[in-house]
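> Need a 3D model of the following:
(chains A and B)
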Amino acid sequence: MANKTILTGWGRTSPSVAELLRPEAEAELASLVLAPGGRGVIARGLGRSYGDPAQNAGGMVLDMTALAAIGPVRDGYVTVEAGVSLHRLMRELVPEGWVPPVIPATRQVTVGGAIAADIHGRNHHADGSFGRHVTALDLLGPDGVTRTLTHDDPDFWATVGGMGLTGVITKATIRLLPIETSRMIVNTWKCRDLDAVMARLAEADVAHRYTAAWLDCLSPQGRGVVEGADHARQGAARSFRARPFEASPGFLPVGLLNRHTMGLVNRGLFVTAKRQSVQVRPLASFFHPLDRVGHWNRFYGPRGLVQYQFVLPLGAEQTLVKIVERIRRSHAASFQTVLKRFGPGSGGWLSFPTPGWSLALDFPTTTKGLAWLLDRLDEAVAEAGGRVYLAKDSRLRPELLPVMYPGLAAFRERRRELDPRLVFQSDLARRLSL
Amino acid sequence: MKNAFGEPQSLLLVGGASEIAMATAMRLVRRRVHRVILAGRPSPARDAAAVRLAEAGATVETADFDAFRVEEHAKVIGDVFATGDVDVALVACGLLGDTDLDPLKAADVAMVNYVGAMTAAIVCAEAMRRQTHGALVVFSSVSAGRPSPRDFLYASAKSGLDTFARGLAGALRGSGVHVMVVRPGFVRTKLTRGVTPPAFATSPETVAGAILDGLRAKTQVVWVPGILGQLMRLPGSLIRRITG
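Model (predicted):
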C-alpha cells in the first residue's frame, strides 16, 4: 500500500490501516472505485462517526473532502458535492437566509456522511432525519457508473442510512430551511427527576422546533435540563461567524475525565442552570457548543471513548427508566447524556431514528465493566423493540442487529445485488456482517 | 473485526481441537467470537468439538486440514480467509514423541510439531498481513530448547517452531499482525492422566486464561504459569528437574 494511514473514528478505538486517497475530481474517484484491490473501498468524510464505518483495514479509504462544490440556491434547494461540510454550508448559506434542514451536534460532518448515516438533530420530532430532505442523490456504483436516485427508487432508501455500502454518494440536492435571523430563542427548564424531564420534553415538542434534554445521569433521580428552541423571527441580522475549531488542546493529562470529575461537572451544570429561562443565542452557540473545542475526543485519553445511542419505541418508557437506573448503579459515568424524542422515521432501510425516546451517552473506553454493561443494555433495548445507532456503534454483538433492524435482510440482499464482489467494504461492514 | 474493546469475533483453530485449544475457544465464544473454523482431520473429536462450540452459540465451520499435507495448506487455509476476516488463529498442531528412536516416528513428530505448524502459520500470517490485522497464536512449549531424555524429539520440533514464530513476529512488525508464542509447562489433560505432575503443572483453563490476557495485552511470549518465565534464567538442567 502506498499511503498507509492509521484511521479511527471519532471515538479513537479500533484503529486500522488503509490506503487513504483524496480524489480531486469525479473521474479520478471513479477510476479508484474501478481498481479496488483485494480489500475494497469505502468513502470517508470528516471522520465524525464514533466507530469504524469510515475505516477499511487493508483496503482503500477515499477522503471525499476535496469534492465539495456548492451550487446556487434555487427555490430553497441546493445541489452540493458530497464532501462539503455542514460547517461550510452554514457559513455560505446562513447570510443568505438558509440553514441545513437538519443540524446535528457538530457541523464537522460532510453531506455524504450525513446521508450515509441518515443523521438527526434536535428537530427530529418536527422535521425528521437528513435523508427526508434530500430530494435526489448521485451514487457511484462498483462499475464506475453514477446514477441519480430519487425517493421513488428503492436504492435511494438503501443508501440513506446505508453507511456507504451501496456505493459512493457524490452529489445531493437538499431542501433548505429558510431563516429570518441567525439567532435562536432558547427556553430552558430545570427538571428534578427523569419523569419530569420526559413530561417536559413531550410538552416542548409540541411548541418548539428544536428540543432535547441533558441528563445528569449520575444523580439518583435522573434530573436534567430541557431545552426548547426556535429560530428568532426578527431582530438581529443574519451572520455566521463561528470558526471550525476555536481551540485545540495540545497536551492532556490521561484520565482527566473520570467518574468524579464528570460527576462534579454534571452537578455544577445542573446547579447553575436557571429553573426556567428564555435566552437569545447565536446559531453556533446553541447547536454546536462542542465545536468550539477541537478534538474534544482527546479528553478521554489514548484508549478513546465509546458512544452509545439507542432509541426505544413510545410506550417503552419503563425500559428507559430501568436503563438509566442501571447505568447509574453501575457507576459508569457518561459525560454528555442527551435525551430526545424522535418523530417518524425516514424510510431508510438501515436508518436509525424511529418514533420514540433516544438516549445518547459517552463513556471512556477504560470504564470498568463497560463492555459487559453495554451488552446488557443492548439486550434490554432489543427486547423493547429499540435499536442502537450504527454511526456511533463500535461494539454491538452482530447477532442482535437483525432484531434491531428489520430492514437488514433486504439491505444485505440488495447490497449483494448492487455490488456482487463487495467492492464497498468497511470495518463496520465486516464487524457486523452487513 | 475486533470491536472497540479489542475483542475478537472470529477464530480459526488449526490442527484440531486439543483440550487447550478448546478451552481457549470456549472462553472466546463466551465473549464475542461468533465464527469458529475448525481446521483439522475429519474425526469424531472434531465433530464433538463443533457441537460443543455450536451449543455455546458459535457458528462453526470445518476445514479438512492435515498437518502432513503441507502442499494443501495454502488452499485449505486460504479458503477460510477468503470467506471472511479471521481475528485470531491458533496454530495447535501437536504430536507427542516416543522415547524409542524410530526414524519414521521421529519424522512424524517433526512434521506435525514443526513443519506442518510452520507452513500453516506462514499461510495464516500472509492472509493476516493482507487484512492488516489479526493475532496468530503459536503453541510452543516450555521444553523448547531444553531437551530431556524423555521428550527431546518433541522439544526439538517445538524449538524450531518457537524460533520460527519469534522471527515471524519480527518480520511482521508494523503490519498490524500480532504473533504470540505460548509456552505452557506441564499441562494436566486426558493425555497426561496417570503421570505424576511436576512442580508448576498447569491446566488447560489456566493456559486459556493466559492466552486471552496475552491477546489483550499484545504480549509476544506467554509462559504458563507466568513464573516459568522467571525460572528460565536458571541453568537448563535445574529447570528440567523442576518442571519435569
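> So for stretch A:114-128, mean pLDDT?
Averaging pLDDT along stretch A:114-128 gives 98.
> mind checking the end-to-end distance for that stretch?
Using C-alpha to C-alpha, to the nearest Å, the gap from the first to the last residue of stretch A:114-128 comes to 13 Å.
> ok, now stretch A:155-175?
End-to-end distance (C-alpha to C-alpha), stretch A:155-175: 20 Å.
> pLDDT of it, averaged?
98.
> so how many other residues sit close to A:Pro53?
30 (other C-beta atoms under 10 Å in any protein chain shown). Where you see a C-beta, it was placed from the backbone N, CA and C, and this is true even at glycine.
> name the element the residue nearest to it when sequence neighbours are not counted belongs to?
Sequence neighbours aside, A:Leu428 is the residue nearest to A:Pro53 in space, at 4.0 Å (criterion: C-beta to C-beta, 6 or more residues apart in numbering or on different chains). Element membership of A:Leu428, judged by DSSP states H and E, is helix A:427-432.
> Check B:Ile122 too.
Short version, using DSSP H and E: B:Ile122 is in helix B:117-131.
> Tell me what angle the lengthiest helix in chain B forms with helix B:117-131.
Longest helix in chain B by number of residues (criterion: DSSP state H): helix B:152-171. For helix B:152-171 against helix B:117-131, the angle by axes from the mean of the first three to the mean of the last three C-alpha atoms, to 10 degrees is 20 degrees.
> Show the model's pLDDT score for A:Gln276.
For A:Gln276, the pLDDT comes out at 85.
> Now for the nearest residue to it once chain neighbours are set aside: which residues touch it?
The shortest distance from A:Gln276 to any non-neighbouring residue, by C-beta to C-beta, 6+ apart, is to A:Trp189 (5.4 Å). Residues near A:Trp189 by C-beta atoms under 8 Å, 6 or more residues apart in numbering or on different chains: A:200, A:204, A:225-228, A:275-276.
> tell me the SS of A:Trp189?
Secondary structure state of A:Trp189, per DSSP: H, G, I helix; E, B strand; the rest coil, is strand.
> how far away is it from A:His231?
With distances taken as C-beta to C-beta, to the nearest Å, A:Trp189 is found 20 Å from A:His231.
> re the thing from before, of the contacts of A:Trp189, keep whichever come out buried.
A:200, A:204, A:225-228 (16 or more other C-beta atoms under 10 Å in any protein chain shown).
> how about the nearest residue to A:Pro95, chain neighbours excluded?
A:Arg238 (5.3 Å).
> filter the buried ones among the contacts of A:Trp189 down to the ones near chain B?
Near chain B, judged by C-beta under 8 Å from any C-beta of the partner chain, there are no entries from the buried ones among the contacts of A:Trp189.
> Which of the residues you listed fall within helices?
Reading helices off the buried ones among the contacts of A:Trp189 with DSSP H, I get A:200, A:204.
> Sketch out the low-pLDDT regions of the stretch 151-300 of chain A for me.
Scanning the stretch 151-300 of chain A for pLDDT under 70 picks out A:235-237, A:242-257.
> Try it again at 80.
Counting by pLDDT under 80, the stretch 151-300 of chain A shows low-confidence ranges at A:217, A:234-269, A:271, A:291-295.
> which residue ranges form the helices in it?
A:154-159, A:194-207, A:259-272, A:283-287 (DSSP state H, counting those that start in this stretch).
> which helices and strands sit right next to the second one?
For helix A:194-207, the packing partners by 3 or more C-beta pairs under 8 Å, 6 or more residues apart in numbering or on different chains; DSSP states H and E come out as strand A:183-191, strand A:210-215, strand A:224-231, helix A:317-330, strand A:338-342.
> One more: the last one?
Identification of packing neighbours for helix A:283-287 by 3+ C-beta pairs under 8 Å, 6+ apart yields strand A:183-191.
> could you measure B:Phe5 against B:Val109, distance?
With C-beta to C-beta as the criterion, B:Phe5 and B:Val109 are 40 Å apart.
> Determine the longest strand present in chain B.
strand B:177-184 (DSSP state E).
> B:Thr206 in helix, strand or coil?
Here B:Thr206 is helix, with the state taken from three-state DSSP.
> Not counting residues beside it along the chain, what's closest to it?
With C-beta to C-beta, 6+ apart, the residue lying closest to B:Thr206 is B:Val224, at 6.0 Å.
> From the structure, what's the count of residues near that neighbour?
B:Val224: 25 neighbours (other C-beta under 10 Å).
> what sits opposite it in the beta ladder?
B:Pro184 (DSSP bridges).
> Now for it: which residues touch it?
So B:Val224 contacts B:182-185, B:202, B:206-207, B:210 (C-beta under 8 Å, 6+ apart).
> Let's have the residues you listed in TSV, adding neighbour count and pLDDT.
As requested, the contacts of B:Val224 are exported to TSV (neighbours: other C-beta atoms under 10 Å in any protein chain shown; pLDDT from 0 to 100):
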residue	neighbour count	pLDDT
B:Val182	25	96
B:Arg183	23	94
B:Pro184	24	92
B:Gly185	25	88
B:Thr202	21	91
B:Thr206	19	94
B:Val207	25	95
B:Ala210	21	96
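> for these, which one is nearest B:Asp151?
Distance ranking of these against B:Asp151, using C-beta to C-beta, places B:Gly185 first at 12.4 Å.
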